[in-house]
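Asks: next comes the sequence, and after it the predicted model I'd like to discuss.
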Amino acid sequence: MRFLSCFGRQKRPPEDEEYAPLPGSASCVFCDVRPETGFKVAYEDDELVVFHDRSPAAAEHLLVIPRRHVATVRDLRPADAGLVSRMEARARSLRPGPDVRLGFHIPPFSSVHHIHLHVLVPPLKTKGVLKYPVASRTDGGKGWSWFVTPAQVVAILEANGRIGLGPAAGRKS
Ligand SMILES: [Zn+2]
Ligand SMILES: [Zn+2]
């Protein structure tokens with residue numbers, strides 16, 4: 001199952017082609033993020049690893065991942081709300097600023113199937129604007145989008161919901 005979840009059969013968007021596993025490798029590329037495997041690591045602790053995206057869509061583009069393999073946002077459970085909050089807090093402490101854009105892709109729009117939080121430091125490139133669109137409702141909930149912010153994910157998990165492309169209530173509702 002681990003193998004299948006890491007190598008979904010969906011076509012990868014061009015942004016993540018460089019993350020294709022090495023031929024003959026049976027492991028998930030994001031389960032082995034180290035300088036020795038070609039990653040530019042910006043931060044790491046027992047739970048999280050932060051590294052530079054190989055195909056930046058903004059002035060600076062980091063990815064925050066848990067060491068534990070979780071395939072996509074759809075695989076998160078209510079008990080994972082704390083993990084998502086810690087991923088967000090780490091991103092914000094490393095790259096503070098109100099205009100820093102944070103979010104996850106939602107299947108089938110996620111490419112590498114090991115959950116990763118995108119951290120986009122402005123200005124965004126055109127592909128960044130197109131591929132990482134945040135849509136919010138007035139209550140802070142999620143709008144229609146294939147990209148979801150950590151706060152939206154936490155609100156959905158705390159309401160026992162599942163993350164999909166459609167809108168979801170925010171915390172204030
Ligand atoms: Zn993995
Ligand atoms: Zn992604």
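Replies: Received the coordinates, thanks. Here the structure is a predicted model, which means the values were calculated and not measured. Numbers count the residues shown, from 1 in each chain. Ligands and ions are numbered 1, 2, ... in the order given.
Asks: report all helices and strands that the top helix by length along the chain contacts.
Replies: Taking DSSP state H as the criterion, the chain has its longest helix at helix 81-94. Helices and strands in packing contact with helix 81-94 are listed as strand 41-44, strand 48-52, strand 58-66, strand 101-105, strand 117-124, helix 150-158; criterion 3 or more CB pairs under 8 Å, 6 or more residues apart in numbering; DSSP states H and E. (C-beta placed from N, C-alpha, C; glycine too.)
Asks: can you list the neighbours in contact with stretch 120-128?
Replies: By CB atoms under 8 Å, 6 or more residues apart in numbering, the residues outside stretch 120-128 that reach it are 15, 56-62, 95, 97, 99-102, 132.
Asks: equivalent analysis for stretch 136-144, please.
Replies: So stretch 136-144 is in contact with 135, 148-149, 151-152, 155-156, 163, 165-173, going by CB under 8 Å, 6+ apart.
Asks: gap between that stretch and the chain center?
Replies: 18 Å (CA atoms, centre = their mean, to the nearest Å).
Asks: that one: which residues count as buried?
Replies: 137, 141, 142 (16 or more other CB atoms under 10 Å).
Asks: same question for stretch 123-134.
Replies: In stretch 123-134, counting by 16+ other CB under 10 Å, buried: 124, 128, 131, 132.
Asks: close to ligand 1: what parts of this structure are there?
Replies: 28, 30, 31, 69, 114 (CB under 5 Å from the ion).
Asks: are any of the residues you listed buried, and if so which?
Replies: 28, 30, 69, 114.
Asks: one step back: could you give the angle of the longest helix of the chain to strand 101-105?
Replies: Relative orientation of helix 81-94 versus strand 101-105 (axes from the mean of the first three to the mean of the last three CA atoms, to 10 degrees): 140 degrees.
Asks: still on that earlier bit, would you check which pair of the contacts of stretch 120-128 lies furthest apart?
Replies: Greatest spatial distance among those (CB to CB): 15 and 97, at 22.6 Å.
Asks: neighbour count: those two, which is higher?
Replies: Neighbours were counted for residue 15 and for residue 97 using other CB atoms under 10 Å; residue 15 has more, 21 against 9.
Asks: in space, what's closest to residue 114 - neighbours in sequence excluded?
Replies: Of all residues not flanking residue 114 in the chain, residue 30 sits nearest, at 3.5 Å (CB to CB, 6 or more residues apart in numbering).
Asks: over to residue 70?
Replies: residue 115 (4.5 Å).
Asks: was I right about the one you found contacting residue 67?
Replies: No: applying CB atoms under 8 Å, one finds residue 115 not in contact with residue 67, separated by 11.2 Å.
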